[in-house]
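Visitor: Predicted structure and sequence below. I'll ask about it afterward.
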Amino acid sequence: MIVCPNCNHQNPDGAVQCEACYTPLPATTQCPNCGTTVQADASFCGQCGFNLKTPEPESQVATAVSSPVSESDPDRLPDLLTIDPLVSPDPLVEPPPPTSPEPVAEPMLLPPVPIAESTPVSSATQLQNQSGRLLHLQTNVVIELPQGLPVVHIGKPNDRIPPDIDVSGFPNSEIVSRIHADIRADGDAYYIEDVGSSNGTYINNVPLLLGNRHRLRPGDRIALGKGDKVSFLFQMS
């Protein structure tokens, strides 16, 4: 199905314009990994997460190596370098005859000095990964994204997929679907996608089409539903 970016009407695959509002529909193609229908300009497959923008391998360029061959006679070997003769070594000088050794005073033995044990210092540096959070713009409430979850579900309580971030307590939450959007964590990167909400998901006032993923960057404005009534600001901490 192709979702209309204007009215969210679900149109059959292959449709050129929306059946409800006659808005031109974006071009679609199939994911080469799972065969799901996705938009032609999508970066990731909404079904299996396959990267649709894999770069083509660069061509290898052969490097020619020139050989030192004479231009006049290719079979002629290059002339050898002339090596200077070795310098004759200096004559050996006999050492002087040994003399009687002078008496040497015995060294004084000092008590051993205790050495303080040093505490080993670990050179390993603890690296702290950045974590994401959402600032609710209507109430200034900060929601930390749960750590250790590959997928964070956003919505309201339901019997199918309980939300990891419950927005039912925020004002105007009636425009948010029970299963609205997902945020996926990949290392220090976060991606958001709409999972079939009724009123849509908007990134910086641009509708996020079903099946597309958007990589979140600090300062991105996320609106759940139309009218920017339930919106968040993505931040990194």
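Guide: In hand now; what should we look at?
Visitor: just for the chain, where's the confidence low?
Guide: Within the chain, the stretches with pLDDT under 70 are 1-2, 25, 40, 46, 52, 54-96, 98-111, 113-129.
Visitor: If we use 50, what do you get?
Guide: Low-confidence segments of the chain, defined by pLDDT under 50: 56-70, 121-128.
Visitor: domains of it?
Guide: Listed by automatic domain parsing, the domain ranges of the chain are 1-52, 131-237.
Visitor: will you turn the ones you listed into CSV that also has distance to P97 and mean neighbour count?
Guide: All C-beta spots, glycine's among them, are computed from the backbone N, C-alpha and C. CSV is the format used below for these (distance: least, C-beta to C-beta, whole Å; neighbours: other C-beta atoms under 10 Å):
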stretch, distance to P97, mean neighbour count
domain 1-52, 87, 15
domain 131-237, 79, 16
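Visitor: In JSON lines: these, plus distance to P112.
Guide: Putting the domains of the chain into JSON lines (distance: least, C-beta to C-beta, whole Å) gives the following:
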{"stretch": "domain 1-52", "distance to P112": "67"}
{"stretch": "domain 131-237", "distance to P112": "53"}
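Visitor: what sits up against the longest strand anywhere in the chain?
Guide: As assigned by DSSP state E, the longest strand anywhere in the chain is strand 179-186. Strand 179-186 is contacted from outside by 49, 132, 145, 149-156, 158, 160-161, 163, 167, 190-197, 201, 213, 216, 222, 224, using C-beta atoms under 8 Å, 6 or more residues apart in numbering.
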